[in-house]
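A.B. asks: The following block contains a protein sequence and its predicted model.
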Amino acid sequence: SRRIEGTTFYTGLRPGLSVDFRDDALNPRLGIYAEIQPEILAGLNSDSPTHLNLRAKINGYLPVLSRASIAISFVLWEIFPLSEAVPIPVNRRFFAGGRSTIRGYPEQTLYPRDVDRGSDPVGLSPGGLLMVALKSELRFPLVGSLDGTLFYDIGDLFEKPGNFVIDKNTRQGLGFGIRYATPIGPLLLDIAFPLVRGDDELTWVPHFAAVGSF
């Protein structure tokens, strides 16, 4: 269940570990990058259940043809409640949709697969405790500092991690984009088309990032 009222107070500890074997941190074409960020959040009042928040990803890069490359990213976010007495508050949950998770859906709008939207099909997402996504791109040069990409993302958000499933209703996005190289990283514009969508959802979605990629 979702709790949207009450005041939460937390103290936390967030260590992190990453390994980087990419040939270039800003524009990689070969190698592997992986990171894991566990965060323990200790609640300081009865409305703040203690829980473990885990974010992990692994990216792989492989050159193909002359200057093209394939990039793949697997992303896993999961919350482990350490007490079942109080639901995880909505401001501590995960949200999906958008450039960093599953393209083809507006930022942070996806409803968990295992939550009934009832009679409010356009309501706000309540968030979830598990988000899994697999993102893939074919990157290729266009002209000068401008590159193009074709991409496919698949993944979903779940209220209960035990309900994880991959089937014909799993959210998917397909599209194309452009990248403009700058000294601090690429500027990105993607146009994504959701392959699985409800009647009220958009047929295409733009995603822009000032600096960022995977």
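C.D. replies: Arrived safely.
A.B. asks: Around Val64, how many other residues sit close by?
C.D. replies: By other C-beta atoms under 10 Å, the residues close to Val64 number 12. Where you see a C-beta, it was placed from the backbone N, CA and C, and this is true even at glycine.
A.B. asks: From Gly173, how far out is it?
C.D. replies: 22 Å (C-beta to C-beta, to the nearest Å).
A.B. asks: May I ask which helix or strand encompasses Tyr105?
C.D. replies: Under the criterion of DSSP states H and E, Tyr105 resides outside all helices and strands.
A.B. asks: Whatever helix or strand Tyr152 lives in - what's its average pLDDT?
C.D. replies: Assigned by DSSP H and E, Tyr152 belongs to strand 146-158. Throughout strand 146-158, pLDDT has a mean value of 96.
A.B. asks: From the contact counts, what lies against it?
C.D. replies: Here strand 146-158 touches strand 130-143, strand 171-180, strand 187-194, going by 3 or more C-beta pairs under 8 Å, 6 or more residues apart in numbering; DSSP states H and E.
A.B. asks: where along the chain do the strands fall?
C.D. replies: 10-13, 17-20, 31-43, 51-64, 68-81, 130-143, 146-158, 171-180, 187-194, 205-209 (DSSP state E).
A.B. asks: how deep is Glu15 tucked in, by neighbour count?
C.D. replies: To be clear, residue 15 is Pro; Glu isn't right here. That count, for Pro15 with other C-beta under 10 Å as the rule, works out to 9.
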